[in-house]
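[1] Sharing a model that was predicted from the sequence below.
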2 protein chains.
Amino acid sequence: MKVKYNLKHKDVNSMARYGTLETNRGTFETPMFMPVGTKATVKMLSPEELYETKAGIVLSNTYHLWLRPGEDIVEKAGGLHKFMNYNGPMLTDSGGFQVFSLAKPKDITEEGVHFKSHIDGSKLFLTPEKSIEIQNKLDSDIAMSFDECPPFPVTHEYMKNSVDRTLRWAKRGKDVHKNENQSLFGIVQGGEFEDLRKYSALETVKMGFDGYSIGGTSVGEDKETMLKMIEYATPYLPEDKVRYLMGVGEPLDIIDGVIRGIDIFDCVLPTRIARHGNAFSRNGKMNLRNLQYREDFTPIEDNCDCYTCRNYTRAYIRHLIVADEALSGRLLSIHNIRFLIKLTEELREAIKENRILEYREEFINKYEKKPTNE
Amino acid sequence: MKVKYNLKHKDVNSMARYGTLETNRGTFETPMFMPVGTKATVKMLSPEELYETKAGIVLSNTYHLWLRPGEDIVEKAGGLHKFMNYNGPMLTDSGGFQVFSLAKPKDITEEGVHFKSHIDGSKLFLTPEKSIEIQNKLDSDIAMSFDECPPFPVTHEYMKNSVDRTLRWAKRGKDVHKNENQSLFGIVQGGEFEDLRKYSALETVKMGFDGYSIGGTSVGEDKETMLKMIEYATPYLPEDKVRYLMGVGEPLDIIDGVIRGIDIFDCVLPTRIARHGNAFSRNGKMNLRNLQYREDFTPIEDNCDCYTCRNYTRAYIRHLIVADEALSGRLLSIHNIRFLIKLTEELREAIKENRILEYREEFINKYEKKPTNE
């Protein structure tokens, strides 16, 4: 089946929406944070640990799985879910974001993108058709269209050409997408240009996808610009389809995205900062390596219901970090993912009660966006 | 309470024994393999995963915890169990083995050992009293006496002096050991010398410990010599106390140790080879990185009841190894620990049925001791 978004409630003071997304593998509520399992594993975690964070959906990466182990092996394994032993909904990105960070501008042709493997430098060529073919074989529940993700900033002229090419690529991908059990999402590009975001949204929606994503964020722009990129696009997205903001995972950015009508977010942030000893908390990010936690026998957060906070102290986690023990990354990843998902749970409640703007104020008053020690 | 060993059955054709060990935190059957949690964590694994391997007891390390986080912090946390959230029986080694690998011969005095920290090179001094004091604070269920662990080989003269010093150190440690909830084990040394192993065993037993360990193995000797070290000592150890062979974890060595009357084994091998992509199996060690497993969608072992074999294929584990994903080390550690504990379960059954020598033959016929790719 294709995913089905059910809009349950709209906040009366903002664009925020509470809803559910029905998928092949169960229904989850939105807003939702989606943990990233780039190489068919959310780094260090078991599927059981992911279920316990109440993650509704997990992302995996077309580019990385194409290179290793190869989509044919995943297909022979019975698809991505069976390969990695994860039975919840999964989304695969198209590989576009990864490929464009490896390609030079002259390598982008109408046909596709020439670039070099980050593993061994070998020459590779990815096209919209190939990306969809790989995702069909991976058999994720949701595939993403192959898009050009330009850096920030580029000229209006460059972006206009890029948006047009992305639209042609979206069409080509849609034409070859044959997996009836896999949904296909379109991606809105257009950088920081209001007219191009509108144009991209309208033209993408015209093609008719199962959901829509806002891409081209988290490429170096400031936060104000990122929020504009959302605001320029969402008015033109249909209310009955789910909306996914790519690569955004800072707590305040999630809140501000939800207020602007976003339903799903993904980001490597919770697991990446975990491996560097950092934890999310209601009072801002904490660097657990700090000496102040040496004899602190309280959990990361008193009221957190995650496995880590139920069982371990800051002092123990600090010890693991200082002693270079990998369990620290595992315990902090569990906490950080649960933190973001708990945040979306609270956002859902706030939307239902039409008090999301108040929730934002309350959250910000406690939360300090400190630099991490990554 | 002090640990209590109950001898339940002696194999009629060998020295092998089946028994139980009662501890503060429950009773477990022997023979038993003890996973190693050097720095208050069995690398990458949660306590729940350890319970599921049916590990009866876990080892932690006095030297490492003395340096980081320091025994006072562990004590303030409420002891090692509470600090690391592990509620099963725990044994701490004395630090002797680690210290002697860092010290030069001239640094060994009657009072204790001068050596340099492996972390920052700072000068440290460890004595029998200090080792016991640290272990008292760690509050493990079983503490080990601080012994000299000479390299292999040394002269008979050197070893005789060393054994005498170790006996004096054992007495000094015993005299300061005050923790009524912690058992204290003596360690038999004497290298490959029959007379010295006998002498060390008799004199150590005279002092009266709660259990006895055979030390000075796994220091570079060949297997035949290692087995002699056991054979020279066990006849002089009391039947009503548990016997622990330190640092031995090769499956065939465990079997041969059990046949010579050993009850408990510990080794970093199962977790260390796991982090290098290797798995124990009934057919010998497997290097899961090998190309032959690329499309092998069977578990590591068909009949294994571990979490890894119940849920993951060789192809997926190989993918994780090649992609440098830490989950591979976690999954392989679970399998390898369970493999050794399952081995001891089978050894217990074989002892009860007086067929341990036949079991050994059957095991060897399948098992090839291949070099690992560590």
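    It's in. Residues are numbered from 1 along each chain as shown, chains lettered A, B, ... in the order given.
[2] For chain B, what's the nearest residue on the stretch 51-200 of chain A?
    Distance from chain B to each residue of the stretch 51-200 of chain A (C-beta to the nearest C-beta) is smallest for A:Pro69, at 4.3 Å. In this view, the C-beta of every residue, glycine as well, is placed from N, C-alpha and C.
[3] Pull up the gap between that residue and B:Leu252, please.
    34 Å (C-beta to C-beta, to the nearest Å).
[4] Please identify which of these two sits among more neighbours.
    A:Pro69 (24 against 14; other C-beta atoms under 10 Å in any protein chain shown).
[5] which ones are touching that one?
    Under the criterion of C-beta atoms under 8 Å, 6 or more residues apart in numbering or on different chains, the neighbours of A:Pro69 are B:Arg294, B:Ala315, B:Arg318, B:His319, B:Val322, B:Ala323.
[6] repeat that for 7 Å
    B:Arg294, B:His319 (C-beta atoms under 7 Å, 6 or more residues apart in numbering or on different chains).
[7] Can you give me the pLDDT of it?
    With respect to pLDDT, A:Pro69 scores 98.
[8] What separation do you get for it and A:Gly220?
    32 Å.
[9] Same check on A:Gly78?
    From A:Gly78 to A:Gly220 the distance is 39 Å (C-beta to C-beta).
[10] For the two, work out which one has more neighbours and name it.
    A:Gly78 (12 against 9).
[11] Which strand or helix spans the more buried one?
    Using DSSP states H and E, A:Gly78 is not contained in any helix or strand.
[12] Can you name every helix or strand that the helix or strand of chain A with the lowest mean pLDDT contacts?
    For chain A, using mean pLDDT, DSSP states H and E, the weakest element among its helices and strands is helix A:96-102, scoring a mean of 89. Packing contacts for helix A:96-102, counted by 3 or more C-beta pairs under 7 Å, 6 or more residues apart in numbering or on different chains; DSSP states H and E, involve strand A:113-116.
[13] give me that answer again for 8 Å
    helix A:62-67, strand A:113-116 (3 or more C-beta pairs under 8 Å, 6 or more residues apart in numbering or on different chains; DSSP states H and E).
[14] Next, the buried residues of that helix.
    Buried residues in helix A:96-102, counted by 16 or more other C-beta atoms under 10 Å in any protein chain shown: A:Gly96, A:Phe97, A:Gln98, A:Val99, A:Phe100, A:Leu102.
[15] For the helices and strands packed on helix A:96-102, give me a markdown table that also has distance to A:Phe83 and mean neighbour count.
    Putting those into a markdown table (distance: least, C-beta to C-beta, whole Å; neighbours: other C-beta atoms under 10 Å in any protein chain shown) gives the following:
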| stretch | distance to A:Phe83 | mean neighbour count |
| --- | --- | --- |
| helix A:62-67 | 9 | 24 |
| strand A:113-116 | 25 | 18 |
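[16] thought A:Thr298 was touching A:Tyr312?
    No - A:Thr298 is beyond contact range of A:Tyr312, at 10.4 Å (criterion: C-beta atoms under 8 Å).
[17] quick one on the thing from earlier: now render the helices and strands packed on helix A:96-102 as a markdown table, adding distance to chain B.
    Shown next, in a markdown table, are those (distance: least, C-beta to the nearest C-beta, whole Å):
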| stretch | distance to chain B |
| --- | --- |
| helix A:62-67 | 8 |
| strand A:113-116 | 18 |
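[18] do you know which of these lies nearest B:Pro150?
    B:Pro150 sits nearest to helix A:62-67 of all the helices and strands packed on helix A:96-102, at 50.5 Å, using C-beta to C-beta.
[19] which outside residues touch that closest one?
    Outside helix A:62-67, the residues that reach it (C-beta under 8 Å, 6+ apart) are A:38-40, A:71, A:74, A:80, A:92-95, A:98-99, A:117, A:119, A:124, A:126, A:131, A:134-135, A:138, A:144, B:323.
[20] Then stretch A:92-111?
    A:59-66, A:80, A:113-118, A:126-127, A:131-132, A:134-135, A:138, A:140, A:142-151, A:165, A:168, A:173, A:187, A:215, A:246-247.
[21] redo that, cut-off 6 Å
    A:60-63, A:113-115, A:118, A:126-127, A:131, A:135, A:138, A:140, A:143-147, A:149 (C-beta atoms under 6 Å, 6 or more residues apart in numbering or on different chains).
[22] from these, which ones fall inside strands?
    Counting by DSSP state E, the contacts of stretch A:92-111 place A:Ser60, A:Asn61, A:Val113, A:His114, A:Phe115, A:Leu126, A:Ala143, A:Met144 in strands.
[23] surely the first one meets A:Pro35?
    Read it as A:Ser60. No - under the criterion of C-beta atoms under 6 Å, A:Ser60 is not in contact with A:Pro35, lying 10.2 Å apart.
[24] sorry, back to before: can I have the buried ones of the contacts of helix A:62-67 as a PyMOL selection?
    Buried subset of those, written as a PyMOL selection, criterion 16+ other C-beta under 10 Å:
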select buried, (chain A and resi 38+39+40+71+74+80+92+93+94+95+98+99+124+126+131+134+135+138+144) or (chain B and resi 323)
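[25] Measure how buried the residue nearest to A:Asn290 when sequence neighbours are not counted is and give me the count.
    Distance criterion C-beta to C-beta, 6 or more residues apart in numbering or on different chains; nearest residue to A:Asn290, sequence neighbours excluded, is A:Arg318 at 7.5 Å. If you count neighbours by other C-beta under 10 Å, A:Arg318 ends up with 25.
[26] Summarise which helices and strands whichever strand or helix holds A:Arg318 is packed against.
    Taking DSSP H and E as the criterion, the element that holds A:Arg318 is helix A:314-322. The criterion is 3 or more C-beta pairs under 6 Å, 6 or more residues apart in numbering or on different chains; DSSP states H and E, and the helices and strands that helix A:314-322 contacts are helix A:327-352.
[27] Which secondary structure elements does the helix it packs on sit against?
    strand A:17-23, strand A:32-34, helix A:47-53, helix A:269-275, helix A:307-311, helix A:314-322.
[28] right, so the ones you listed: which one is the most enclosed?
    Each of those was scored by mean neighbour count; the highest is strand A:32-34, a mean of 27, by mean count of other C-beta atoms under 10 Å in any protein chain shown.
[29] How about the residues of the stretch 201-350 of chain A by chain B?
    A:Glu295, A:Phe297, A:Asn311, A:Tyr312, A:Tyr316, A:His319, A:Val322, A:Ala323, A:Glu325, A:Ala326, A:Leu327 (C-beta under 6 Å from any C-beta of the partner chain).
[30] Mind telling me the two of the residues you listed farthest from one another?
    A:Glu295 and A:Ala326 (23.2 Å).
[31] Mind checking the pLDDT average for stretch A:130-139?
    According to the model, stretch A:130-139 has a mean pLDDT of 98.
[32] now what about that stretch, what contacts it?
    In this structure, residues lying in contact with stretch A:130-139 by C-beta under 6 Å, 6+ apart are A:62, A:66, A:71, A:74-75, A:79-80, A:92, A:94-95, A:143, A:146, A:173, A:176-177, A:179.
[33] Lowest pLDDT pick from the residues you listed?
    A:Asn179 (90).
[34] who are the neighbours in contact with that residue?
    A:Asn136.
[35] List the residues that contact the residue minimising distance to the centre of chain A.
    When C-alpha atoms, centre = their mean is applied to chain A, the residue found nearest the centroid is A:Asp266 (1.7 Å). Applying C-beta under 6 Å, 6+ apart to A:Asp266 gives the contacts A:Met34, A:Val36, A:Leu59.
[36] try A:Arg197
    Contacts of A:Arg197 by C-beta under 6 Å, 6+ apart are A:Gly190, A:Tyr232, A:Ala233.
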